[in-house]
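Visitor: when you get a sec, could you give me coordinates for this:
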Amino acid sequence: MQLFRSKFVLPIAAPPIEDGVVAMDGEWIVGVGKRTDFDGPFTDLGECVLLPGFINAHCHLDYSDMAGRLPFRGSFTDWISEITGLKRTWSAEDYEASARRGVDLLLRSGTTTVCDIEAAPDNLEIVAEAPVRVLSCLEMIDVLTPAASESSWKRFAGISPHAPFTVSATLYRRAFTFCQTWKRIFTTHLAESLDEAAMFERARGPLYERLAALGRPTDDCGHGSSVKLLDGYGVLRGALVVHANWLSDDDIARLARARATVVHCPSSHRFFNHPPFPLARLREAGVAVCLGTDSAASGSTLDMRAELGDFSAVRPSEALAMATMAAAKALHQPGVTGTLTAGSRADLIAVPMAADARDPAEAVVASRAPVRLSMVNGKAVHDER
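Guide: Model prediction:
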């Protein structure tokens, strides 16, 4: 048995423990408490907060080397065209190197589980070998391009139909049925931009015009929001909905009835200069919200602490819960990851705490110091002690 002591243990599902200890036996946590509850010897992590590893509920690892290459110039539609064009120029080797860089960024900043949207399926074996816990979701597009064969879907932890403007009703329903049948993650980008809202609500705008000119059918446009559209398809139940930046009260009510979870990506939100995220309205309606980084292409450093610092309206402990416990539930991992609890996996991190700090949750949210230790399944995957 291993005993790790730190200035604070932050279980997330329970109050902070000063002079705390986490006891591990192999891959599992077997006890959490005060130092006086355990007989040593201890591995002393010193002036640190020991807490569950961050769970990044939405990331594109294979876009990591696109950082700084796609500045936002004011048009979401133009940006989508630019990233699509850049992707066409990339080789399998480019995607591989980019995914490896993304994994390294996660390791150094304390993420131990990531929901990775995989646009380059050949990278599946690469990320499967990563020391972090990678839940790979196959990105699907069938508007103006053929979709991947269903025979390959079982290799993935989930399926990610890209967005309503690039995926047909048929593919959405097939993917949702598959995920329900095989207990996979079902996730999709939804209500991300003003251009998307204009396309589906009013059958106009730059995204509508660009796709119509390319030959995309437009019979699903002009009848209400994209949230209403997917609700009509019957695919929102338990879905992991990414972004959800442009929501009416009716949209929020639909998400609440479907018990969908929203993944907010603050760095991406700032990158595209969206209006304030409707966090309070979602929480008031009972919609669970967790956090992701999105990709380096849209302004993220893949450090979850940069996403945590975006919430002036919630306590640091609540922000941390969104980045751990709430994400674990949304990714079908409750009780496995996201908390420091006897019986859960030994996925944990040690974040340095300033000597004058008193609130461990606030210290973690404010910290940008290198994470001192990251463990996955009881094994150190990053160690700067």
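Visitor: quick check: longest helix of the chain.
Guide: When the chain is parsed with DSSP state H, its longest helix is helix 92-109.
Visitor: any idea how far it is from the middle of the chain?
Guide: Centre-to-centre, helix 92-109 and its host chain are 16 Å apart (CA atoms, centre = their mean, to the nearest Å).
Visitor: buried residues in it?
Guide: 94-107, 109 (16 or more other CB atoms under 10 Å). Using the backbone N, CA and C atoms, a C-beta is placed for each residue, glycine as well.
Visitor: packing partners of it?
Guide: strand 54-59, helix 124-128, strand 379-383 (3 or more CB pairs under 8 Å, 6 or more residues apart in numbering; DSSP states H and E).
Visitor: any idea which of these is most buried?
Guide: strand 54-59 (a mean of 30; mean count of other CB atoms under 10 Å).
Visitor: and the next helix or strand after that strand with helix 92-109, angle?
Guide: Following strand 54-59 in sequence order, the next helix or strand is helix 76-89 (DSSP states H and E). Between helix 76-89 and helix 92-109, the angle comes out at 120 degrees (axes from the mean of the first three to the mean of the last three CA atoms, to 10 degrees).
Visitor: so what's the gap between helix 76-89 and the chain middle?
Guide: Using CA atoms, centre = their mean, the offset of helix 76-89 from its chain centre is 22 Å.
Visitor: what of stretch 173-184?
Guide: With CA atoms, centre = their mean, you get 20 Å for stretch 173-184.
Visitor: list the buried residues in that stretch.
Guide: 174-176, 178-179, 184.
Visitor: the stretch 251-385 of the chain: helices as residue ranges?
Guide: Per DSSP state H, counting those that start in this stretch, the stretch 251-385 of the chain carries helices over the ranges 266-271, 279-284, 304-308, 316-322, 325-330, 360-366.
Visitor: what sits up against the shortest one?
Guide: So that's helix 304-308. Applying CB atoms under 8 Å, 6 or more residues apart in numbering, the external contacts of helix 304-308 come out as 54, 56, 109-111, 264-267, 291-293, 300, 316, 319-320, 323, 364-365, 367-368.
Visitor: next, the buried residues of it.
Guide: 304-308.
Visitor: average model confidence for it?
Guide: Mean pLDDT, helix 304-308: 93.
Visitor: domain map for the protein?
Guide: 2-52+338-383, 54-330 (automatic domain parsing).
Visitor: how many residues are close by the closest residue to residue 237 other than its chain neighbours?
Guide: Sequence neighbours aside, residue 258 is the residue nearest to residue 237 in space, at 4.9 Å (criterion: CB to CB, 6 or more residues apart in numbering). By other CB atoms under 10 Å, the residues close to residue 258 number 19.
Visitor: got the helices and strands packed on helix 92-109 as CSV, with distance to residue 190 columns?
Guide: Formatted as CSV, those follow (distance: least, CB to CB, whole Å):
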stretch, distance to residue 190
strand 54-59, 12
helix 124-128, 24
strand 379-383, 32
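Visitor: who wins for proximity to residue 44 among those?
Guide: The closest of these to residue 44 is strand 379-383. By CB to CB, the value is 14.4 Å.
Visitor: give me the angle between that closest one and helix 92-109.
Guide: 90 degrees.
Visitor: rewinding a little: now render the helices and strands packed on helix 92-109 as TSV, adding mean pLDDT.
Guide: Output for the helices and strands packed on helix 92-109, formatted as TSV (pLDDT from 0 to 100):
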stretch	mean pLDDT
strand 54-59	98
helix 124-128	82
strand 379-383	95
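Visitor: wait, which of the ones you listed is closest to residue 312?
Guide: Among those, strand 54-59 sits nearest to residue 312 (CB to CB), with 20.0 Å.
Visitor: what packs against the closest one?
Guide: helix 92-109, strand 111-118, strand 240-243, strand 288-291, helix 304-308, helix 325-330.
Visitor: okay, these in CSV with distance to residue 137 next?
Guide: Output for those, formatted as CSV (distance: least, CB to CB, whole Å):
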stretch, distance to residue 137
helix 92-109, 14
strand 111-118, 5
strand 240-243, 9
strand 288-291, 15
helix 304-308, 18
helix 325-330, 12
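Visitor: let's verify residue 188: helix, strand, or coil?
Guide: For residue 188, the assignment made with DSSP: H, G, I helix; E, B strand; the rest coil gives strand.
Visitor: and it, how far from residue 345?
Guide: 27 Å (CB to CB, to the nearest Å).
Visitor: over to residue 379?
Guide: 11 Å.
Visitor: in a markdown table, list the helices of the stretch 251-385 of the chain along with distance to residue 24.
Guide: Output for the helices of the stretch 251-385 of the chain, formatted as a markdown table (distance: least, CB to CB, whole Å):
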| stretch | distance to residue 24 |
| --- | --- |
| helix 266-271 | 32 |
| helix 279-284 | 34 |
| helix 304-308 | 22 |
| helix 316-322 | 21 |
| helix 325-330 | 18 |
| helix 360-366 | 20 |
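Visitor: do you know which of those helices lies nearest residue 248?
Guide: helix 279-284 (9.9 Å).
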